[in-house]
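Peer 1: A predicted structure for the sequence below; I have some questions about it.
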Amino acid sequence: VKDIIYTLDIQEAFTVRDGQVLTKLAESVAHEGVIFVEVGSWKGYSTSFLGEVAKNCGGVVYAPGVIHHALVDDCFQIFCTNMKELRLNKVVLPMIMTSQQAVRIFEQADLVFIDGDHRYESISKDIPAWWTKVKEGGILCGHDCENYYSSYTEKEREAIDINLDDFCPQTRCHAGVVKTLDEIFGRQYQIHIPSTVWSKSK
Ligand SMILES: C[S@@+](CC[C@H](N)C(=O)[O-])C[C@H]1O[C@@H](n2cnc3c(N)ncnc32)[C@H](O)[C@@H]1O
């Protein structure tokens, strides 16, 4: 598989541990013909975990935002090659569009995994929009939530609040994701520590 994993020195790398959590979440809602959505697939590493579960039960993974613009670039080619080599190309369906474009054309999914644009202005629209598309009994989940906003000190929360469109260097967290989840779910969602995968069941 070509170049599927991030170089290890960047903060938002999807890890094997994240993949194990994602597999368990996907298996917990799996049934024949299951529908998964992954927002933000890049070269397909996280997609491969969802794809394996879907493949085992005749399901499908829709993948908006492998790239989110119409210019077919290296990333898209690499994604397609990877899915083919993993024998997931009939299960994983890439969609070249943004998350916000995709959410309008979906009806329902058993599980939606969000790992696209983590800036507050974007994730604060993605989470409520995709939540409405999750079936009763399904799961909304995503990547890069390091901790609950309410677990940080007042000073740390101030740092998060001024870094909403970025990685917050003081708290080493994805500020937009942490803040949005607090605003929408309070503490009523799960972070699968030590991974940074978060989930909310419906
Ligand atoms: C952090 S990477 C995803 C990593 C991937 N889940 C993995 O495990 O390798 C972010 C991805 O989100 C996509 N993206 C960025 N903005 C987006 C948007 N507005 N809508 C959909 N996808 C977006 C990028 O094209 C990129 O593929």
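Peer 2: Perfect, I can see it now.
Peer 1: ok, how many other residues are close to the nearest residue to residue 163 once chain neighbours are set aside?
Peer 2: Take residue 163 and drop its neighbours on the chain: the residue closest to it by CB to CB, 6 or more residues apart in numbering is residue 175, 4.4 Å away. All C-beta atoms are positioned from the backbone trio N, CA, C, and that covers glycine. Residues lying near residue 175 (other CB atoms under 10 Å) number 27.
Peer 1: in this structure, which residue sits nearest the ligand?
Peer 2: Per CB to the nearest ligand atom, residue 65 is where the chain lies closest to the ligand, at 2.2 Å.
Peer 1: tell me the pLDDT at that residue?
Peer 2: As predicted, residue 65 sits at a pLDDT of 83.
Peer 1: and stretch 102-109, what's buried?
Peer 2: Judged by neighbour count (16 or more other CB atoms under 10 Å), stretch 102-109 contains these buried residues: 102-103, 106, 109.
Peer 1: sorry, that was for stretch 132-147
Peer 2: So for stretch 132-147, counting by 16+ other CB under 10 Å, buried means 133-134, 138-147.
Peer 1: quick check, nearest of those residues to residue 79?
Peer 2: residue 143 (16.8 Å; CB to CB).
Peer 1: before we move on, back to that, how about the buried residues of stretch 132-147, which pair is most distant?
Peer 2: The most distant members of those, if one measures by CB to CB, are 133 and 147, lying 26.6 Å apart.
Peer 1: list the contacts for the nearest residue to residue 34 once chain neighbours are set aside?
Peer 2: The spatial neighbour of residue 34 that comes closest, neighbours along the chain excluded (CB to CB, 6+ apart), is residue 59 at 3.5 Å. By CB atoms under 8 Å, 6 or more residues apart in numbering, the contact list for residue 59 reads 30, 32-36, 53, 91, 110.
Peer 1: ok, residue 13 to residue 90 distance?
Peer 2: 28 Å (CB to CB, to the nearest Å).
Peer 1: out of the two, which sits in the more crowded spot?
Peer 2: residue 13 (15 against 11).
Peer 1: okay, that one: pLDDT?
Peer 2: In this prediction, residue 13 carries a pLDDT score of 80.
Peer 1: which secondary structure element contains it?
Peer 2: Using DSSP states H and E, residue 13 sits in no helix or strand.
Peer 1: so how far is residue 32 from it?
Peer 2: 33 Å.
Peer 1: just residue 168 next, same as before
Peer 2: Separation of residue 168 from residue 32 (CB to CB): 42 Å.
Peer 1: these two: who's more crowded?
Peer 2: More crowded of residue 168 and residue 32, by other CB under 10 Å: residue 168, with 21 against 7.
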